[in-house]
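Enquirer: coordinates for the following, if possible.
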Amino acid sequence: MQERIIGRHNELQLLAKYMQTPRSEFIAVYGRRRVGKTFLVRHAIGKEACFSVTGMENVLLDEQLANFYISLRKVYPSAVRCGSWLEAFDQLEQYLESLSEGNKILFFDELPWFDTPRSNFVSALEHFWNNWASARSDIKLVTCGSAASWMLDHLINNHGGLHNRVTHQMLIEPFSLKECKEYFDAYDFGYQVREVAEYYMVFGGVPYYLSLMNRDESVAQNVDRLIFSATGELSAERTNLFRSLFKRSADYVTIVEALSAKRKGLTRKELLDATRLDNNQRFSTMLQELENCRFIRQYLPYSGKKRDITYQLIDPFLHFSLQVQAKCKYQDENYWSHSVNSPVYNAWSGFAFEMLCLNHVPQIKAALKIEGVQTSVYCWRTPAQAERGAQIDLLIDRADHCVNLCEMKFCRGKYTITKAEREKIENRIQSFIAYSKTKSSIRLTMITSFGVEKNTNSGIIQNELTLEDLF
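Expert: Got it, this is the predicted structure:
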């Protein structure tokens, strides 16, 4: 199938705007691996780039310089091999000065890979920008990298020579449900809302994973082929993903595995106890890097203190990989197709749907018509000493003195609130009011696949959303 751009409307408009400004621009595009950064930039700038180069993974300085020379020679035959990055950027300046008037677009892809040990790459980049490019009005430098922490530390939040030199930063997020649906519609998959949701609950919104889908197969069949088949293209993706993003990746895996085992999340202390990793700056850095990649999130529980900050896994693919794929004891290439409606499926889908909702809070607010109201998003659970435990996974605390207490339920038809379920919900509400001492009014908000069956117990609901509202 011919590739086309799906979604990313705002990003494309911004990049087009930046290419036409009357000054030099230094643009940093970052985001997790396989999220479509390179595809987006290349689509946005087309064939207008006068120089483009991609960093090489796990090679030494000499090979990176050779790679740069080969790319430059294609557009500048006078280029010669260089022994340092300072010389390489000097040759780039000579090439750009030889061009006629007009904007000159440069694209450095996988920029972090150029920064090999003792290469002085960042210093040379600083010199190129500060001493030459920024003094002109026609240089459009677009940089891209999957190592989000490197992009943030060395470019966006740089405290040295590149401090405040990046003119625009652009975080490329995974697709939303709506964008996934746009993709499936564009390629005539015929998937309905529920199937798109089931896809998202397994793979998340990573465009590369979308590109591997076969429209002749159901979602379950695609999962079997990509993950559970012996030759599945994503069967080893979790391992490859961490190895490509992080040095000493085993510690990152340990953190994610601990969070996967506690679906509601762990505080820093609980996470240290669970992983037995050292409580030091590196541990803080690892948490920050995982958050930068959008694998985990941190949140402050309602009425909590800083020590109560909780870390939670929010990446659907990692959750599925750890909770389903890693625990599969069968050599069954049709495992997922055979598991639909099984206890394994039901246990996984409940939290996977909650994760889907947590990744679509802006859509939930829009559906509730409160996008213009200042809000804070929390979770809440009773203190450890409470006689009866209760937990609420999504609270939307509003400046208009209301709190949307969200119950998220995934099922194949309408959800039925039984008498026992109603009593549990009422207990959660009363516990929340008692322990939080909130003075706001509580609005029970049900978010379900296809709505709630009307019966004698459904009257406790103030707001009701379905999957359709999240698209």
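Enquirer: residue 444 against residue 465, yeah?
Expert: No. Using Cβ atoms under 8 Å, residue 444 is not in contact with residue 465; the gap is 11.7 Å. For glycine as for every other residue, the C-beta is placed from the backbone atoms N, C-alpha and C.
Enquirer: assumed residue 319 was part of a strand.
Expert: No. Counting by DSSP: H, G, I helix; E, B strand; the rest coil, residue 319 is not found in a strand; it is helix.
Enquirer: can you pull the contacts of it?
Expert: Each residue near residue 319 by Cβ atoms under 8 Å, 6 or more residues apart in numbering is listed here: 260, 313, 351-352, 355.
Enquirer: helices or strands up against the lowest-mean-pLDDT helix or strand in the chain?
Expert: Across the helices and strands of the chain, mean pLDDT, DSSP states H and E gives its lowest value to helix 148-151, namely a mean of 86. Identification of packing neighbours for helix 148-151 by 3 or more Cβ pairs under 8 Å, 6 or more residues apart in numbering; DSSP states H and E yields strand 25-30, helix 111-114, helix 281-292.
Enquirer: how about the ones you listed, which one is nearest residue 75?
Expert: For residue 75, the closest of the helices and strands packed on helix 148-151 is helix 111-114, at 18.2 Å, according to Cβ to Cβ.
Enquirer: quick one on the thing from earlier: from the chain's centroid, how far away is the least confident helix or strand of the chain?
Expert: A distance of 14 Å separates the centroid of the chain from that of helix 148-151, by Cα atoms, centre = their mean, to the nearest Å.
Enquirer: ok, residues contacting the following helix or strand past that helix?
Expert: Using DSSP states H and E, the next helix or strand after helix 148-151 towards the C-terminus is strand 168-171. Applying Cβ under 8 Å, 6+ apart, the external contacts of strand 168-171 come out as 11, 14-15, 18, 25-31, 155-156.
Enquirer: farthest-separated two in those residues?
Expert: Taking Cβ to Cβ, no two of the contacts of strand 168-171 sit farther apart than 25 and 31, at 18.9 Å.
Enquirer: now do the same for the spatially most central residue of the chain: helix, strand or coil?
Expert: For the chain, residue 294 is the residue whose C-alpha lies nearest the centre (Cα atoms, centre = their mean; 3.8 Å). Put simply, residue 294 is coil when judged by three-state DSSP.
Enquirer: if we can go back for a sec, just the closest of the contacts of residue 319 to residue 71, please.
Expert: residue 313 (38.7 Å).
Enquirer: distance of the closest one from residue 60?
Expert: Look at residue 313 and residue 60: by Cβ to Cβ, to the nearest Å, they are 35 Å apart.
Enquirer: okay, those two: which has more neighbours?
Expert: Counted by other Cβ atoms under 10 Å, residue 313 and residue 60 do not tie: residue 313 has more neighbours, with 26 against 12.
Enquirer: who touches that one in this structure?
Expert: 256, 259-260, 263, 265, 295-296, 319, 355.
Enquirer: report the buried residues of the longest helix seen in the chain.
Expert: Across the chain, the longest stretch assigned as helix under DSSP state H is helix 419-436. By neighbour count on 16 or more other Cβ atoms under 10 Å, the buried set for helix 419-436 is 422, 425, 428-429, 431-432, 435-436.
Enquirer: same deal with stretch 243-250?
Expert: For stretch 243-250, using 16+ other Cβ under 10 Å, the buried residues are 245-246.
Enquirer: now do the same end-to-end measure for it.
Expert: One end of stretch 243-250 sits 8 Å from the other (Cα to Cα, to the nearest Å).
Enquirer: what comes into contact with that stretch?
Expert: 32-33, 57, 146-147, 242, 252, 286, 289, 293.
Enquirer: at 6 Å instead, please
Expert: 242, 252 (Cβ atoms under 6 Å, 6 or more residues apart in numbering).
Enquirer: same check, this time on stretch 252-266
Expert: By Cβ under 6 Å, 6+ apart, stretch 252-266 touches 242, 246, 271, 274-275, 286, 310-313, 318, 322, 351.
Enquirer: least confident pick among these?
Expert: Within the contacts of stretch 252-266, residue 246 has the lowest pLDDT, namely 85.
Enquirer: tell me the most packed of the contacts of residue 313, by neighbour count.
Expert: residue 259 (28 neighbours).
Enquirer: looking at that residue now. What's its pLDDT?
Expert: Taking residue 259 on its own, its pLDDT is 97.
Enquirer: and if you look at residue 87?
Expert: Taking residue 87 on its own, its pLDDT is 98.
Enquirer: next SSE downstream of the helix or strand hosting it?
Expert: Secondary structure assigned from DSSP H and E places residue 87 in helix 85-97. Counting by DSSP H and E, the next helix or strand C-terminal to helix 85-97 is strand 104-109.
Enquirer: now that following strand: mean pLDDT?
Expert: 98.
Enquirer: quick one, domains of this structure?
Expert: Structural domains assigned to the chain are 9-171, 175-355, 360-470, following automatic domain parsing.
Enquirer: in CSV, list the ones you listed along with distance to residue 3.
Expert: Written out in CSV, the entries for the domains of the chain read as follows (distance: least, Cβ to Cβ, whole Å):
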stretch, distance to residue 3
domain 9-171, 7
domain 175-355, 8
domain 360-470, 26
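Enquirer: ok, the spatially closest residue to residue 150 that is not a sequence neighbour to residue 149 distance?
Expert: Spatially, and ignoring its direct neighbours in sequence, residue 150 is nearest to residue 112 (3.9 Å; Cβ to Cβ, 6 or more residues apart in numbering). As judged by Cβ to Cβ, residue 112 and residue 149 stand 9 Å apart.
Enquirer: strands - which of the contacts of residue 319 land there?
Expert: residue 313 (DSSP state E).
Enquirer: what is the nearest of the contacts of residue 319 to residue 119?
Expert: Using Cβ to Cβ, these come closest to residue 119 at residue 313, 34.8 Å.
Enquirer: distance of that closest one from residue 92?
Expert: 42 Å.
Enquirer: next, the contact list for residue 342, please.
Expert: Residue 342 touches nothing, counting by Cβ under 6 Å, 6+ apart.
Enquirer: if I look at it, how far off is residue 230?
Expert: Counting by Cβ to Cβ, the gap from residue 342 to residue 230 is 22 Å.
Enquirer: go on, residue 451?
Expert: Distance of residue 451 to residue 230, computed by Cβ to Cβ: 41 Å.
Enquirer: quick one, which of those two is more surrounded?
Expert: Each of residue 451 and residue 230 has its neighbours counted (other Cβ under 10 Å); residue 451 has more, 16 against 7.
Enquirer: is it true that the more buried one touches residue 414?
Expert: Yes. At 5.1 Å, residue 451 counts as touching residue 414 under the criterion of Cβ atoms under 6 Å.
Enquirer: all strands for the stretch 1-150 of the chain, in order.
Expert: Assigned by DSSP state E, counting those that start in this stretch, the stretch 1-150 of the chain shows strands spanning 25-30, 49-54, 104-109, 139-145.
Enquirer: CA atoms only for the second one, dumped as CSV, please.
Expert: Coordinates of the C-alpha atoms in strand 49-54 are reproduced here as CSV (Å, rounded to 0.1, in the frame of the first residue of the first chain):
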residue,chain,number,x,y,z
ALA,A,49,16.0,19.9,2.2
CYS,A,50,19.4,20.9,0.7
PHE,A,51,21.2,18.5,3.1
SER,A,52,20.0,15.5,5.0
VAL,A,53,21.9,13.0,7.2
THR,A,54,21.0,10.3,9.6
